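Q: Give the three-dimensional model of this entry:
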Amino acid sequence: MARQDRFRTTLLAVVVAGVLAFAPSAGLVSLPGHARVDVAHAAILADASAVRPSKGFDPGTRPRPSASKPDRTHDRTEASPAAHLLVAVPRDLTARTRPEAGSAVVGIVPSGSKYYDVPTTAWVEEISDNGRWGRVDLPYVWPRREGWILLPGLRRDRTFVEVHVDLSRHRLIVQKRGQVLFGTRTATGAASSPTPVGEYFVTDRIPFSGGYLGTFAFGISGIQPHLPAGWSGGNQLAIHGTNDPSSIGTSASAGCMRVSERTLDRLKPLLRLGTPVIVER
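A: You can find the predicted model right below:
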């Protein structure tokens, strides 16, 4: 009888040992779940950092990927055709007709915005073959013209966001990585003060307390050469709110793009300084 009890005890010990050998411990069970949450959270943060508005520049430091797991998010970002180069302009920069030091001067890229002196962040539309020069549209000049500025020494960043304004349809369309995020109605210039077409970039992010500009304005790098008679509000173009929402979707402004307060709320986290704004007929 004692021998049978010892046999049952031994058999039970073997079964328990086998179960413990194959069952994960409580500490190990939680690790894969936490790892999935951390990866997802990191992806969201990386995506948000690409579009958050900023007066300065994010050095863009990324956690080093592990040797066993390549950084797929980084690969997609680098391959994106919709990434736009932005550069900080710490001082007035000479722009030239060609990407050569001896070429003629075509104008100046100012270090600050026209009315609020916000430090300029310029959209570089093309880089020279040697990587030393960038082509930019000159801010606040008419007729519209472009020039080449030297890039070495300028702090760089990028955005995946761009704005398109379709004057004929009174539509403002926001894209990211080449995909449409949303489109909305906008007021554009009246017949006597049409919004000038061109390639611009965001130069200001200015809150207001209401009135004809609404609660917020995104100044852009263009000017209105055909102001209404008696106008005294300045000539810089902008995307801004309005105290006349019935005008949205019509040709009614002095040249700026008027949008709703709801649209302003959607634009604020997307349009950082330097974001391209392309106005087309």
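Q: okay, CA-based contacts and neighbour counts for the rest of this
A: Fine.
Q: pretty sure Val124 is touching Val89, no?
A: No. The pair Val124 / Val89 is not scored as a contact, 11.4 Å apart, by CA atoms under 8 Å.
Q: More neighbours: the two, which one.
A: The neighbour comparison of Val124 against Val89 (other CA atoms under 10 Å) goes to Val124, with 23 against 20.
Q: so what are the domain limits for this structure?
A: Following automatic domain parsing, one finds the domains of the chain at 84-159, 161-280.
Q: first to last residue in the longest one, what's the distance?
A: It stands for domain 161-280. Distance between the boundary residues of domain 161-280 (CA to CA, to the nearest Å) amounts to 17 Å.
Q: just how off-centre is that domain within its chain?
A: 16 Å (CA atoms, centre = their mean, to the nearest Å).
Q: average pLDDT across that domain?
A: Per-residue pLDDT over domain 161-280 has a mean of 97.
Q: number of nearby residues for Arg91?
A: Arg91 - counted by other CA under 10 Å - has 12 other residues nearby.
Q: For Ile149, list the residues it contacts.
A: Leu93, Thr94, Ala95, Arg96, Pro99, Trp133, Gly134, Arg135, Val136 (CA atoms under 8 Å, 6 or more residues apart in numbering).
Q: Please name the residues that touch the first one.
A: Looking back up the chat, that one is Leu93. Contacts of Leu93 were listed using CA under 8 Å, 6+ apart, and they are Ile108, Val109, Pro110, Ser111, Ile149.
Q: Go again with 6 Å.
A: Neighbouring residues of Leu93 by CA atoms under 6 Å, 6 or more residues apart in numbering: Ile108, Val109.
Q: Torsion angles phi and psi at it?
A: Main-chain dihedrals, Leu93, degrees, to the nearest 10: phi -110, psi 140.
Q: follow-up on the earlier one: can you convert the contacts of Ile149 into TSV and add a column each for distance to Pro207, secondary structure and pLDDT?
A: Shown next, in TSV, are the contacts of Ile149 (distance: CA to CA, whole Å; DSSP: H, G, I helix; E, B strand; the rest coil; pLDDT from 0 to 100):
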residue	distance to Pro207	secondary structure	pLDDT
Leu93	28	strand	98
Thr94	31	strand	98
Ala95	31	strand	98
Arg96	35	strand	98
Pro99	38	coil	98
Trp133	34	strand	98
Gly134	31	strand	98
Arg135	30	strand	98
Val136	27	strand	98
